[in-house]
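> sequence unavailable; structure follows:
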Ligand SMILES: O=C(O)[C@H]1O[C@H](OP(=O)(O)OP(=O)(O)OC[C@H]2O[C@@H](n3ccc(=O)[nH]c3=O)[C@H](O)[C@@H]2O)[C@H](O)[C@@H](O)[C@H]1O
C-alpha cells in the first residue's frame with residue numbers, strides 16, 4: 001500500500017512537481033516580462049511605445065511635513081510655489097532660483113525614463129541639499145494634487161512638467177496626450193478648485209509657430225500650422241488655458257521657450273548628444289533644408305530662461321476665482337522667451353568642435369518630415385515691456401558653460 005501510495009505518491013509527487021514547476025515557470029516568465037515592459041528604457045531613438053508615466057507612492061505624516069517645510073517661504077518672501085517637472089532641466093534650475101531668493105518651493109516629478117532618470121535623481125539630490133523637496137508623482141494624479149493644495153496654500157504653480165521633444169512624438173504619441181493635454185487639464189482642475197486659487201505659469205513652446213514664415217515670431221502671430229504633435233499639444237494647451245481663464249478666473253501665463261540649452265540639460269537635445277557623440281568619435285547627423293539651406297534655432301541659455309520664468313511669476317496677477325467661480329476678468333498672457341538671434345546648426349557644431357577640440361564626423365541629411373521646422377526666431381519685445389526680460393548669453397558663451405559642466409559631470413577628460 002505504502003509502496004503503491006509510495007509508488008502513487010512518488011508518481012503523484014512527480015506529477016505535482018511537474019504541475020507546480022510549470023506554474024512557477026509560467027509565473028516567473030510573466031514577472032520577467034512585466035518587469036521588462038515597465039523598465040522599458042528608451043534607446044536614443046526613443047523606441048518605447050508605453051506611456052512614460054509612472055505610478056508613484058506618496059503620503060504619510062513625514063511626507064506631509066516635508067511638503068510643508070519645503071513650501072514655507074523665508075521671511076521677506078510671500079511665495080509658495082509648486083514646480084511641476086522640478087527634476088527636469090528647466091524645472092530644476094527654476095526651483096533652485098526660487099529657493100535661493102527665499103520662496104517656498106515644492107517640486108513634483110514622475111521621474112519617467114524618457115531620458116536617463118539618473119540625471120533627474122542627481123538634480124533632485126542637489127535641490128534637496130538646498131531645501132527643495134521633490135515629490136515623486138504624476139501630474140494626472142488628482143488625489144495627490146488635491147492633497148498638496150490641502151497641505152499648502154500655493155500662491156503660484158510653475159507648471160513645467162511635460163513630454164518634450166519634437167521628433168519623439170512620432171514614436172510615442174500617447175505620452176504627449178497623457179502629459180501635455182490630460183496632465184495640463186489635471187493641473188488646471190486642481191488650481192481652479194483651490195481656495196485661494198494660485199496664479200499659473202506654464203511651459204508652452206516656440207514650436208507652436210510651426211511652419212510660419214514671418215520672422216521674427218511674435219505672440220500676436222497666428223499659430224495655425226503646428227508641424228508636430230508636440231507643437232499641437234502645446235498649441236492646444238494655450239487654447240485650454242484660455243477656457244480656464246475665461247470660465248474660472250485663473251491667472252495664466254504661457255511661456256514659449258526657444259530651444260533651451262545649458263548645464264544639466266536634456267540628453268535628447270541635439271547640442272547634448274552632439275557633444276556626447278563628438279567626444280566618442282561617433283558620427284552626428286546634421287539636417288539641412290531644401291536647396292541645402294541651413295537649419296537654424298534661436299538657442300536660449302538656461303539662465304536667461306530662468307530670468308524669464310521668474311519675471312513672469314513676479315508680474316503675474318492673482319486669479320479672480322474661488323469655489324470654481326470667477327469674480328472678475330483674470331490675466332491671460334503668452335510670452336516668447338528666446339534669444340532673438342538664431343544660429344545655424346552648422347555653427348553650433350563648429351562651436352562644439354572648438355570647445356571639445358575634436359573634429360565632428362558629420363552626415364548631412366535632408367530635414368526629415370519628423371516635425372522639425374527650418375528655423376525659429378523670437379521677437380521678445382512683449383516680455384521686455386512687461387517685466388524687463390533681456391537675454392544676455394550668446395551661444396558661444398552658453399555652450400562653453402555647458403561643455404564645462406558636461407566634461408565635469410561625466411568626468412570626461414577632453
Ligand atoms: O523650442 C522649443 O520649444 C523646442 O526646442 C527643442 O526642440 P528643437 O529646437 O528641435 O531642439 P533639438 O531637438 O535640440 O534640435 C535642434 C536643431 O538641431 C537639428 N538636429 C536635431 C537632431 C539631429 O540629429 N540633427 C540635427 O540637425 C534640429 O533640426 C534642430 O534644428 C526641444 O527639444 C523641444 O522640446 C522644444 O522645447
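Received it, and whenever you're ready, just let me know what you need. Note that the structure is predicted; figures quoted are calculated from it, not measured.

> for the rest of this, base every contact and every neighbour count on C-alpha atoms.
OK.

> what segments of the stretch 301-414 of the chain are helices?
302-314, 345-356, 381-387, 395-409 (DSSP state H, counting those that start in this stretch).

> nearest to the ligand, of those helices?
Ranking the helices of the stretch 301-414 of the chain by proximity to the ligand (CA to the nearest ligand atom) places helix 345-356 first, at 5.8 Å.

> what angle separates that closest one from helix 395-409?
Helix 345-356 runs at 50 degrees relative to helix 395-409, counting by axes from the mean of the first three to the mean of the last three CA atoms, to 10 degrees.

> got the buried residues for helix 345-356?
Buried residues in helix 345-356, counting neighbours by 16 or more other CA atoms under 10 Å, are found at 345, 346, 348, 349, 350, 351, 352, 353, 355, 356.

> and those residues as CSV, adding pLDDT and distance to residue 159?
Listed next are these as CSV, based on pLDDT from 0 to 100; distance: CA to CA, whole Å:
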residue, pLDDT, distance to residue 159
345, 98, 29
346, 97, 33
348, 98, 29
349, 98, 32
350, 98, 35
351, 98, 33
352, 98, 32
353, 98, 35
355, 98, 34
356, 98, 35
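
> turn those into TSV, columns for distance to residue 321.
Shown next, in TSV, are the buried residues of helix 345-356 (distance: CA to CA, whole Å):
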residue	distance to residue 321
345	45
346	49
348	46
349	49
350	52
351	50
352	49
353	53
355	52
356	53
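
> now do the same contact list for the residue nearest to residue 131 when sequence neighbours are not counted.
Distance criterion CA to CA, 6 or more residues apart in numbering; nearest residue to residue 131, sequence neighbours excluded, is residue 70 at 6.2 Å. Residue 70 is in contact with 104, 105, 106, 131, 132, 133, counting by CA atoms under 8 Å, 6 or more residues apart in numbering.

> just confirm the third one is within a strand.
Meaning residue 106. Yes - with DSSP: H, G, I helix; E, B strand; the rest coil as the criterion, residue 106 is part of a strand.

> report the beta-bridge partner residues of it.
Judged by DSSP bridges, the bridge partners of residue 106 are residue 82, residue 133.

> picking that back up, and the helices of the stretch 301-414 of the chain, which is most packed in?
The highest mean neighbour count among the helices of the stretch 301-414 of the chain, using mean count of other CA atoms under 10 Å, belongs to helix 302-314: a mean of 21.

> that helix to helix 395-409, inter-axis angle?
If you take the same axes, to 10 degrees, helix 302-314 sits at 100 degrees to helix 395-409.
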